[in-house]
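Q: just the structure for this:
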Amino acid sequence: MEPIEIKHAIERAGKTQTEIARTVGVTKATVNLVIWHGAVSAPVRHEISRVIGRPVEQIWPDYYMKRSVNQ
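A: Reported below is the predicted structural model:
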């Protein structure tokens, strides 16, 4: 998914980046970095996945496809 799609999916789910940050115990800036700049934080990615109801591999396919090839 593109970052803007992730942002809108979170909003459609009735959540904010701040709420995701609080749930995971990180700053909103960390959530923002994961969404917009591809930063890797498994807890944040999994919470976003849970919130929007899509697997992490579907949200960030490039990252997870590379990982499965290298394992």
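Q: what helix or strand is residue 64 on?
A: According to DSSP states H and E, residue 64 maps onto helix 61-70.
Q: pull out the buried residues from stretch 24-35.
A: Within stretch 24-35, the residues that count as buried by 16 or more other C-beta atoms under 10 Å are 24, 26, 30, 31, 32, 33, 34, 35. For every residue, glycine as well, the C-beta is placed using N, CA and C.
Q: just the mean pLDDT for that stretch, thanks.
A: For stretch 24-35, mean pLDDT is 97.
Q: any stretches of the protein with poor pLDDT?
A: 67-71 (pLDDT under 70).
Q: so what's the residue nearest the centre of it closest to, chain neighbours aside?
A: Geometric centre of the chain, nearest residue: residue 45, 3.6 Å, by C-alpha atoms, centre = their mean. Sequence neighbours aside, residue 56 is the residue nearest to residue 45 in space, at 5.1 Å (criterion: C-beta to C-beta, 6 or more residues apart in numbering).
Q: now do the helices in this protein.
A: Remark: helices assigned in the chain by DSSP state H are 3-12, 17-24, 28-37, 42-52, 56-59, 61-70.
Q: what's the neighbour count on residue 59?
A: Using other C-beta atoms under 10 Å, residue 59 has 19 other residues around it.
Q: before we move on, the earlier item: from the buried residues of stretch 24-35, pick the one nearest residue 60.
A: Nearest to residue 60, judged by C-beta to C-beta, of the buried residues of stretch 24-35 is residue 34 at 9.0 Å.
Q: which residue is the nearest non-sequential neighbour of the closest one?
A: residue 44 (4.6 Å).
Q: the residue nearest to the centre of the chain: what's it in contact with?
A: Residue 45 is in contact with 34, 56, 59, 60, counting by C-beta atoms under 8 Å, 6 or more residues apart in numbering.
Q: just residue 3 next, same as before
A: The contact partners of residue 3, taken as C-beta under 8 Å, 6+ apart, are 35, 36.
Q: ditto for residue 10
A: By C-beta under 8 Å, 6+ apart, the contact list for residue 10 reads 16, 17, 20, 48, 51, 52.
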